[in-house]
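# Could you work out the structure for the sequence below:
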Amino acid sequence: MGNSFGCSASGERLVSAARDGDLVEAKMLLECNPCLAKYSTFGGLNSPLHFAAAKGHNEIVALLLENGADVNSRNYCGQTALMQACRYGHWEVVQTLLLFRCNVTRADYLSGRTALHFAAVNGHVRCIRLLFADFVPSVPLDSLNGLIAEGGEGSNGKNSALAKFVNKPADGGITALHMAALNGYFDCVQLLLDLQANVSVVTFHYGTSMDLIGAGSTPLHYAACGGNLKCCQIMLARGASRMTLNCNGWLPVDVAKMWGRLWLEPLLAPNSDSVNPVFPPSNYLSLPLMSVLNIARENGLQASVSSFDESDNCAVCLERACSVAAEGCGHQLCVKCALYLCSTCNISSETVGPPGSIPCPLCRHGIISFVKLPGSLEKEIKLPLSLGFCTPCMLHPRDSSDRSTATSTPDIRKNRVASVSSDMFCPVSCSPFPSVTIPLCNCNEGPCPPFEPRDLGRTGEGESPPRHSQGTVDSDKMEGPRIERTSCSSMFWGRRSCSREHQCNSEINA
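Have a look, this model is predicted:
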């Protein structure tokens, strides 16, 4: 009975503490036996780290990692704690896992989904922003031109790490953009497009998991199925084509008719003359995130007040000593407040600086990078003892030599964070499993809607599709489709992986 550590009773107590958020109980158990951090439930379904990440208990997640829990450990379905945190939208847990250098490119065993897919399918835009922290460099103002503007054109043939990650397909060739567009999360769609998501990518022509829309479908086909008008407008403004046929010979307007999204016909019709509004860059872009994340990895987040002079304390929290300075205005903050600011701010930066800059909380100056103060003490976060198989391909934007030069160089603009190279991706261990055909969906609320042959020139008798004005959009037309999108809840990844994933999820939600 029990697991390999011979401590099943204590391990189950730790699992209960991680699930319930009992920090005192978890500390007591780990002080007696730190090896419990690697405990897994009977059958190896989930570890305490998975329970704490899924429930959003950030302090317990940090406690487990400090006691040797593997940040990249997998459960029975091959899902990591990062995937669980992104599934439920616990962005603070995602932030903590990134501080311990988790691998964001890993895919699960069932459908090849990454943490980005889990965040996009549920519309957790803050988690998406954090997942790209190691991919979008903090660059100076004179080098920023064209960096984010190219994101709306797709990958443009560039073999960059950013384009590879954001366009990484899951089973059937479905990308994160497909899922966000289907479920109507226009803020996620806008952020993904700004981060070089390919608006013209199509699902695989074989083994697709969404035969009701059709193989070879673009994100615009999926947005037409979801019915969100703003998602369609954003993608059309970023270069999506109304004339792309999928393998069934359907245009996006055909998919909209098939699913009864009649309000999209004036916009998606091939001969449409509607004018799309101009969409600025996403408010969830965060250029200084990489720089402050690297500083937090060096110094940690638990630094308390180290001096008796209260003038050196952070002006935001008034508790911790200042350890970072904003490039440009020079205002000083503690690293925890700076990281929180970069992770949560969604204020438009058009009036304060370039797209992606964060307004300073003290003077509203646009911040694109943070630098470490010369007097800050380095405190490396203790990495887990048992590193995963993919550790060599984890993203390390800077080495030790860069850290030494950064502390000795007084010039702020010389403290640069290099972008991630595509060579850092592990070609074997991080690749998803091969695609497998999934049976057609049987809707939980009745038969799927029938498809009538496409005839753009005429309308059936007695059928008068509503015509809406091009300039105004009612809020109920944009929010209504979100209620209907759950009618086919089992059409994605549900049939083949239902049994295994249900075991893991039911154990967490017990």
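# Where does pLDDT dip in the stretch 101-250 of the chain?
Applying pLDDT under 70 to the stretch 101-250 of the chain picks out residues 140-159, 207-211.
# The helix or strand hosting M179 - contacts with which helices or strands?
Assigned by DSSP states H and E, M179 belongs to helix 176-182. In terms of contacts (3 or more Cβ pairs under 8 Å, 6 or more residues apart in numbering; DSSP states H and E), helix 176-182 is packed against helix 115-121, helix 186-194, helix 219-226, helix 229-237. All C-beta spots, glycine's among them, are computed from the backbone N, C-alpha and C.
# Buried residues in stretch 322-331, which are they?
For stretch 322-331, burial by neighbour count (16 or more other Cβ atoms under 10 Å) applies to C322, S323, V324, A325, A326, E327, G328, H331.
# Report the two of those residues separated the most.
Spanning the widest gap among the buried residues of stretch 322-331 are S323 and G328, at 17.7 Å by Cβ to Cβ.
# what ranges do the helices span in the stretch 251-400 of the chain?
Ranges of helices in the stretch 251-400 of the chain, per DSSP state H, counting those that start in this stretch, are 252-258, 265-268, 289-299, 335-344, 400-408.
# In CSV: the ones you listed, plus distance to V24.
What follows is these, written out as CSV (distance: least, Cβ to Cβ, whole Å):
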stretch, distance to V24
helix 252-258, 53
helix 265-268, 56
helix 289-299, 26
helix 335-344, 23
helix 400-408, 36
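# weakest of the ones you listed in terms of mean pLDDT?
In terms of average pLDDT, helix 400-408 trails the rest of the helices of the stretch 251-400 of the chain, at a mean of 39.
# Give me the number of neighbouring residues for the spatially closest residue to I508 that is not a sequence neighbour.
Leaving aside its sequence neighbours, I508 sits nearest to A54 (Cβ to Cβ, 6 or more residues apart in numbering; 4.8 Å). Other residues within reach of A54, judged by other Cβ atoms under 10 Å, total 26.
# Please tell me how far A54 sits from L362.
37 Å (Cβ to Cβ, to the nearest Å).
# From what I see, A321 and L333 are in contact.
No: between A321 and L333 there is no contact under Cβ atoms under 8 Å: 10.3 Å.
# hang on, isn't H50 packed against I508?
Yes: between H50 and I508 there is a contact at 7.0 Å, judged by Cβ under 8 Å.
# shared neighbours, the two?
Shared contacts of H50 and I508 (Cβ atoms under 8 Å, 6 or more residues apart in numbering): Q84.
# The two: which has the busier surroundings?
Of the pair H50 and I508, H50 is the one with more neighbours under other Cβ under 10 Å, namely 30 against 22.
# Quick check: that one is in a helix.
Yes: assessed by DSSP: H, G, I helix; E, B strand; the rest coil, H50 belongs to a helix.
# So for it, what pLDDT did the model give?
Among the per-residue scores, H50 shows a pLDDT of 93.
# domains for the chain, by residue range?
Domain segmentation of the chain under automatic domain parsing yields 8-131+501-508, 154-160+171-280+450-473, 289-424.
# between these, which one is nearest to S138?
Nearest of the domains of the chain (Cβ to Cβ): domain 289-424, 3.9 Å.
# what angle sits between the helix or strand harbouring E92 and helix 289-299?
Secondary structure from DSSP H and E places E92 in helix 91-99. Orientation of helix 91-99 against helix 289-299 (axes from the mean of the first three to the mean of the last three Cα atoms, to 10 degrees) gives an angle of 70 degrees.
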